[in-house]
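Undergrad: no sequence on this one, just coordinates:
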């Protein structure tokens with residue numbers, strides 16, 4: 001029997017082995033949480049009987065974390081049943097960065113109960129209880145759950161198919177209806193913390209009973225748990241909503257939920273990002289257009305959005321005719337292409353648009369600039385021949401890489417395939433998907449397959465960037481589309497004089513300017529690089545006497561396009577410096593008697609501190625170079 005591992009190597013066994021036995025052979029027994037056999041996540045206790053592909057899942061993989069946290073939820077539930085035996089069990093899944101379990105207790109849990117539950121969980125971990133899996137026929141499973149008086153588990157059991165395997169997991173005296181997978185022993189969950197308590201309706205339905213949901217997180221080491229909570233504190237400190245207000249960038253007001261108000265400094269930041277975008281696209285041979293925000297229903301029916309995306313669209317009537325506020329710019333771009341005849345010599349045609357789009361989001365999903373109802377999408381569409389597809393995809397991927405590297409982002413790539421609500425033929429989808437795969441292969445970019453998550457009109461490559469706190473954000477995307485050109489009947493004249501249908505790429509780099517700004521604010525903690533900072537330089541005269549000299553320097557800086565301000569308030573210089581630091585100004589220029597006499601300034605850098613005195617012309621040269629190089 002041959003087992004192929006993730007690195008392509010093969011292990012051979014004469015007889016069936018468990019995943020754990022294979023893991024021990026690889027020296028990964030201490031870190032392994034589960035395995036993935038032919039793409040299916042399984043217990044380490046699972047027996048391998050035939051040739052297969054095996055991936056070992058640790059806490060470095062999301063699926064490994066999920067198994068670890070799911071077992072942690074069972075340890076919590078066991079602690080609850082020991083301390084409060086009459087409590088009824090709901091569900092206890094792993095969630096992002098932890099787990100929860102829902103409980104029905106006559107006296108609902110309070111924050112004070114969490115300490116006692118944590119103590120009991122520690123006992124369970126110290127007992128090093130083996131975790132065992134067993135299956136029962138449905139009637140026997142029903143009898144077991146009735147005997148344990150678990151009505152919620154019985155309800156879940158009734159929802160299972162008659163021929164479906166009914167699996168349970170047991171650790172010590174605790175038994176739970178569960179599909180798994182789980183760790184092999186409770187001892188692996190060495191460090192944990194119960195974090196919050198919330199109310200949760202059974203099945204999420206307000207008609208059902210309100211249960212108590214206890215959240216927690218867990219790790220293999222106490223140091224990792226402490227790092228996690230330190231990171232949470234850092235996330236709070238960097239919250240873009242907090243910094244947006246403190247740095248006077250934007251407002252979030254009740255009069256416009258999901259519709260941010262940009263203040264002068266925030267708009268400067270946004271416009272600087274847009275100017276960078278325009279410079280890049282001009283260099284890469286894109287032209288820029290602008291299409292209307294409101295277009296009629298017929299257009300959205302032609303594009304398919306009226307049938308596939310309408311729940312996210314704002315609609316209205318004008319002169320008794322249905323219209324929609326655009327949720328994306330693609331259909332308008334098709335009309336622009338169709339307005340003029342095109343030849344194969346015009347292709348590839350790269351067309352960019354900074355489109356103001358609106359999408360309906362539920363109020364509970366809104367989150368500062370990261371989830372809004374109105375945003376500027378840095379859209380672009382590339383019209384091309386079939387022969388040009390591969391190179392154009394590669395060109396976009398290189399452009400996205402250049403942008404993310406500038407901001408200091410690492411990223412990973414996912415390839416999303418045909419969804420259930422797709423339009424178009426199987427042949428078109430296969431050709432489009434293979435084109436994306438080949439382009440990624442040419443660029444030697446590793447990627448994850450995300451089955452069924454493509455756009456309804458075509459497969460896509462998504463770029464998930466990682467910020468300075470290790471969080472990932474999906475921003476850039478490349479979507480290959482055979483369908484909209486067909487629906488809109490757009491054509492070009494080929495070298496043979498015949499009409500042909502172009503293929504189309506939809507792509508964004510930032511995704512949403514507003515969302516990208518929110519990510520940048522948190523990524524940099526508001527300490528933007530000089531080229532991006534709304535205020536690049538602050539002039540701080542020691543007293544009113546030196547304000548005229550500072551004003552002269554201000555004019556010289558402005559004449560070179562440097563964004564600067566003068567703080568001429570009657571305050572002590574120490575106060576002015578502290579305030580400029582709180583506003584995260586990259587350069588502070590202090591001027592007093594000596595500086596005025598020598599035609600210099602005392603330079604203070606946000607990160608490096610005092611930089612000594614510089615001649616004005618030397619300082620300007622330094623600033624201009626740093627801005628130009630986007631250092």
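TA: Perfect, thanks for sending it. Since this is a predicted model, take the numbers as computed values, not measurements.
Undergrad: going forward, measure contacts between C-alpha atoms and count neighbours the same way
TA: Fine.
Undergrad: what is the mean pLDDT for the host helix or strand of residue 227?
TA: Secondary structure assignment for residue 227, by DSSP states H and E: helix 222-238. The pLDDT scores in helix 222-238 average 93.
Undergrad: can you check stretch 374-387 too?
TA: 95.
Undergrad: Flag every buried residue along it.
TA: 374, 375, 376, 377, 378, 379, 380, 381, 382, 383, 384, 385 (16 or more other Cα atoms under 10 Å).
Undergrad: Present those as CSV; the columns should include secondary structure and distance to residue 430.
TA: Shown next, in CSV, are these (DSSP: H, G, I helix; E, B strand; the rest coil; distance: Cα to Cα, whole Å):
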residue, secondary structure, distance to residue 430
374, strand, 34
375, strand, 33
376, strand, 32
377, strand, 28
378, strand, 28
379, strand, 25
380, strand, 23
381, strand, 21
382, strand, 20
383, strand, 19
384, strand, 18
385, coil, 17
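Undergrad: of those residues, closest to residue 86?
TA: residue 374 (49.5 Å; Cα to Cα).
Undergrad: what's the helix holding residue 227 packed up against?
TA: strand 191-201, helix 513-524 (3 or more Cα pairs under 8 Å, 6 or more residues apart in numbering; DSSP states H and E).
Undergrad: how about the ones you listed in CSV, adding mean pLDDT, mean neighbour count and distance to residue 227?
TA: Shown next, in CSV, are the helices and strands packed on helix 222-238 (pLDDT from 0 to 100; neighbours: other Cα atoms under 10 Å; distance: least, Cα to Cα, whole Å):
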stretch, mean pLDDT, mean neighbour count, distance to residue 227
strand 191-201, 94, 17, 12
helix 513-524, 96, 21, 18
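Undergrad: follow-up on the earlier one: please list the residues outside whichever helix or strand comes after the helix holding residue 227 that contact it.
TA: Toward the C-terminus, helix 222-238 is succeeded by helix 240-246 as the next helix or strand (DSSP H and E). If you take Cα atoms under 8 Å, 6 or more residues apart in numbering as the criterion, helix 240-246 is touched by 250, 251, 368, 369, 518, 519, 521, 522, 525, 526, 583.
Undergrad: Quick check: the fourth one touching residue 262?
TA: No: at 10.5 Å, residue 369 does not count as touching residue 262 under the criterion of Cα atoms under 8 Å.
Undergrad: higher neighbour count, these two?
TA: Regarding residue 369 and residue 262, a neighbour count based on other Cα atoms under 10 Å identifies residue 369 as having more, with 26 against 18.
Undergrad: That one should be in a strand, yeah?
TA: No: per DSSP: H, G, I helix; E, B strand; the rest coil, residue 369 lies outside any strand segment and is coil.
Undergrad: check contacts around it.
TA: Residue 369 neighbours (Cα under 8 Å, 6+ apart): 240, 241, 260, 514, 515, 517, 518.
Undergrad: So what does it look like in phi/psi?
TA: Per-residue torsions, residue 369: phi -90, psi -10 (degrees, to the nearest 10).
Undergrad: and the gap between it and residue 289?
TA: Distance of residue 369 to residue 289, given as Cα to Cα, to the nearest Å: 25 Å.
Undergrad: Do me a favour and average the pLDDT over whichever strand or helix holds residue 277.
TA: Using DSSP H and E, residue 277 sits within helix 264-283. What helix 264-283 shows for mean pLDDT is 97.
Undergrad: just checking, next helix/strand downstream of that helix?
TA: That would be, after helix 264-283 and using DSSP H and E, strand 286-288.
Undergrad: Adding distance to residue 494, write the contacts of residue 369 out as CSV.
TA: Listed next are the contacts of residue 369 as CSV, based on distance: Cα to Cα, whole Å:
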residue, distance to residue 494
240, 50
241, 52
260, 46
514, 40
515, 40
517, 42
518, 45
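Undergrad: Let me know the closest of the residues you listed to residue 577.
TA: Residue 577 lies nearest to residue 240 out of the contacts of residue 369, by Cα to Cα, at 23.2 Å.
Undergrad: Next one: that closest one from residue 228, what distance?
TA: For residue 240 relative to residue 228 (Cα to Cα), the value is 20 Å.
Undergrad: Pull the contacting residues for the closest residue to residue 461 other than its chain neighbours.
TA: Counting by Cα to Cα, 6 or more residues apart in numbering, residue 461 lies nearest to residue 415, which is 4.6 Å off, once chain neighbours are set aside. Shown in contact with residue 415 (Cα under 8 Å, 6+ apart): 436, 437, 447, 448, 449, 450, 459, 460, 461, 462.
Undergrad: so who does residue 459 touch?
TA: Residue 459 neighbours (Cα under 8 Å, 6+ apart): 415, 416, 417, 418, 429, 432, 433, 479, 480, 481.
Undergrad: So which of the residues you listed belong to helices?
TA: 429, 432, 433 (DSSP state H).
Undergrad: The second one: neighbour count?
TA: Counted with other Cα under 10 Å, residues neighbouring residue 432 total 22.
Undergrad: Residue 489 versus residue 497, what's the distance?
TA: On the measure of Cα to Cα, residue 497 and residue 489 end up 17 Å apart.
Undergrad: Of the two, give the one with the bigger neighbour count.
TA: Remark: of residue 497 and residue 489, residue 489 carries more neighbours, 13 against 10, as counted by other Cα under 10 Å.
Undergrad: Confirm that one sits in a helix?
TA: No: secondary structure of residue 489 (three-state DSSP): coil, not part of a helix.
Undergrad: Can you tell me the closest non-neighbouring residue to it?
TA: residue 501 (7.8 Å).
Undergrad: hang on, isn't that neighbour packed against residue 491?
TA: Yes: with contact defined as Cα under 8 Å, residue 501 counts as touching residue 491 (4.7 Å).
Undergrad: Next, show the common contact partners of those two.
TA: residue 485.
Undergrad: So the two - more neighbours on which side?
TA: Higher neighbour count among residue 501 and residue 491: residue 491, with 21 against 18, using other Cα under 10 Å.
Undergrad: For the more buried one, which residues are in contact?
TA: Counting by Cα under 8 Å, 6+ apart, residue 491 has contacts 338, 341, 342, 485, 499, 500, 501, 502.
Undergrad: Can you select the buried ones among the residues you listed for me in PyMOL?
TA: PyMOL command restricting these to the buried ones, with burial defined by 16+ other Cα under 10 Å:
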select buried, resi 338+342+485+500+501+502
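Undergrad: still on that earlier bit, from the buried residues of stretch 374-387, which single one is nearest residue 363?
TA: Nearest to residue 363, judged by Cα to Cα, of these is residue 374 at 13.1 Å.
Undergrad: now the helices and strands packed on helix 222-238 as TSV including distance to residue 256?
TA: Below are the helices and strands packed on helix 222-238 laid out as TSV (distance: least, Cα to Cα, whole Å):
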stretch	distance to residue 256
strand 191-201	29
helix 513-524	15
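Undergrad: Nearest to residue 236, out of those?
TA: helix 513-524 (9.5 Å).
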